[in-house]
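In: Below are the sequence and a predicted model; questions follow.
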Amino acid sequence: MRKTMAILLLIAAAVAVLVLAGPARGPQPAWPPAATRASAPGGEDITHAHHRGVHFMDLLTGGPLAAQAAATIAAQVPSAPPGPKARVYREGGKTVREYTLEIVEKTIDFGGGNTWTVWTYNGTVPGPTLRATVGEVLRVRVVNRHNRTHSFHTHLSHYPLENDGSQANLISGRGRGAMIPPGKEYVYQFRLERAEAVYYHCHAADREFPINQHMLQGLYGMIIVGDSRAAAGREEVLFMAETSRLRQGPKVPGYIMNGRGIPGGELALEEIFTAKGLQGVVDQLGKTVPFYTMKVGESMKLHVVNIGNLDHSLHIHEIPLVSLGVLNGRPWPGQVLPLVGGAMDTLLVRFRYPGLWLFHCHVVNHADAGMVGVFVVEP
């Protein structure tokens, strides 16, 4: 009798809970894309549902709709601008690949009166990625349209002194024009004998701006020399650096990746999402936040360079950091790539899960000061 009464009481309590709770609802989405009208599995309209307390970190940690968010963002963000077109022709039995770079001053506007005056190759920071193939002659015509002497120095292997683009040209008298005065130009030439990815930068200096300031003003970029016998694949570049002293305003990022940065790092992104939803995040990508779009299972070689004066490190969420250079195919311990100033490595990037995956400097105060980016990974 007592057992029967206990069972009846449990049933009554369960019925009361169901009545008070109301109709059953499907599982609530962890992250709904703002400004997108859609239905959750239970039929609920999830437009603007982030105002109910959903956090940006739910998106970044792979909530149920993270894949949908990634696809939505990928459809809205602008594609990366194409690199410079090379003029390709035959000369002396060799294929010549010729690029033209113009050194010009630009202003990067971070909004709210926060600006950074930069010196650039072809108007961008970093400068264009120059691509060529083993066996070719790489010819780079550099036109100095700035008011200071500049140059083009590469980390390519084996070339005559005339193409060095350093103070050695002035001291030796060989290739003096490789240190390019304002309004002048110079043609650098390299026979490409091995596949390699290296960077280039200005090697000029004056009393006001030493070499490191010429570089940190934005005068750097990448050269990728491929092997025609190897399968072609996607290769991207990531430069880690500090901003130079020619910045105005309290909210210019002190640390940048590919010329971009967002003071406040992940917290700033979360605050933008909370205030403006998905469209607010989309508006930041490519303006103040570096990003790459990929698909699940796609492979990318990512050439990472610390072009600055300080030690930096790189952490990418979700994936092991497989080193194709320094560690010859093994992952970096702790999933963090350490880079002293001037160092670089090439990583294999391949995601297993869709969503928005952060990458950032793991010297965390550098991330907080701007060094944060996003991989937008579609299903």
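Out: Structure received. Residues are numbered from 1 along each chain as shown.
In: Surely residue 130 is in contact with residue 142?
Out: No. Checked against C-beta atoms under 8 Å, the pair residue 130 and residue 142 is beyond contact range at 11.5 Å. Placement of C-beta: from N, CA and C, glycine included.
In: Can you name the element that comes right after the biggest strand by length in the chain?
Out: When the chain is parsed with DSSP state E, its longest strand is strand 94-109. Note on strand 94-109: by DSSP states H and E, the next helix or strand toward the C-terminus is strand 115-121.
In: list the contacts for the residue most central in space within the chain?
Out: Closest to where the C-alpha atoms of the chain average out (C-alpha atoms, centre = their mean) is residue 290, at 4.3 Å. Neighbour list for residue 290: 238, 257, 258, 259, 260, 373, 374 [criterion: C-beta atoms under 8 Å, 6 or more residues apart in numbering].
In: Of those, grab the buried ones for ChimeraX.
Out: Remark: buried members of these, expressed as a ChimeraX selection using 16 or more other C-beta atoms under 10 Å:
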select :238,257,258,259,260,373,374
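In: Out of the contacts of residue 290, name the two that are farthest from one another.
Out: Distances among those were taken as C-beta to C-beta; the most separated pair is 259 and 374, at 15.5 Å.
In: Look at residue 89 and say how many residues are nearby.
Out: 11 (other C-beta atoms under 10 Å).
In: So it sits against residue 137, correct?
Out: No. Between residue 89 and residue 137 there is no contact under C-beta under 8 Å: 10.1 Å.
In: anything in contact with each of the two?
Out: Residues touching both residue 89 and residue 137 (C-beta under 8 Å, 6+ apart) are 95, 96.
In: Buried ones in stretch 345-353, by neighbour count?
Out: Here stretch 345-353 shows 345, 346, 347, 348, 349, 351 as buried, counting by 16+ other C-beta under 10 Å.
In: What of stretch 203-220?
Out: Buried residues in stretch 203-220, counted by 16+ other C-beta under 10 Å: 203-205, 209, 211-220.
In: What of stretch 154-168?
Out: Neighbour-count burial for stretch 154-168, counted by 16+ other C-beta under 10 Å, picks out 154, 156, 159, 162, 163, 164, 165, 166, 167.
In: Restricted to helices, list these.
Out: The helices, defined by DSSP state H, take in residue 167 from the buried residues of stretch 154-168.
In: so which pair among the buried residues of stretch 154-168 is furthest apart in space?
Out: The span of the buried residues of stretch 154-168, defined through C-beta to C-beta, is set by 156 and 167 at 18.3 Å.
In: End to end on stretch 365-379, go ahead and measure it.
Out: With C-alpha to C-alpha, to the nearest Å as the measure, stretch 365-379 spans 32 Å from end to end.
In: and it, how far from the chain's centre?
Out: Distance of stretch 365-379 from its chain centroid, counting by C-alpha atoms, centre = their mean, to the nearest Å, is 8 Å.
In: Averaged pLDDT, it. What do you get?
Out: The average pLDDT for stretch 365-379 rounds to 91.
In: Domain map for the protein?
Out: Domain segmentation of the chain under automatic domain parsing yields 87-232, 238-378.
In: ok, of these, where does mean pLDDT dip lowest?
Out: Lowest mean pLDDT of these: domain 238-378, a mean of 91.
In: For the closest residue to residue 318 other than its chain neighbours, give me the backbone phi and psi.
Out: Among residues not flanking residue 318 along the chain, residue 357 sits closest, at 4.8 Å (C-beta to C-beta, 6 or more residues apart in numbering). With angles defined as degrees, to the nearest 10, residue 357 sits at phi -120, psi 120.
In: What's the separation between residue 357 and residue 149?
Out: 42 Å (C-beta to C-beta, to the nearest Å).
In: Pull the contacting residues for residue 338.
Out: 311, 313, 332.
In: repeat that for 6 Å
Out: residue 313 (C-beta atoms under 6 Å, 6 or more residues apart in numbering).
In: wait, what's in contact with residue 121?
Out: Per C-beta under 6 Å, 6+ apart, neighbours of residue 121: 101, 127, 221.
In: Would you reformat the domains of the chain as a markdown table and include distance to residue 72?
Out: Compiled in a markdown table, the domains of the chain are given as follows (distance: least, C-beta to C-beta, whole Å):
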| stretch | distance to residue 72 |
| --- | --- |
| domain 87-232 | 24 |
| domain 238-378 | 6 |
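In: Out of the ones you listed, which is closest to residue 69?
Out: With distances scored as C-beta to C-beta, the stretch of these nearest to residue 69 is domain 238-378 (6.5 Å).
In: ends of that closest one, how far apart?
Out: Start-to-end, domain 238-378 (C-alpha to C-alpha) is 21 Å.
In: now do stretch 292-312
Out: The first and last residues of stretch 292-312 sit 20 Å apart, counting by C-alpha to C-alpha.
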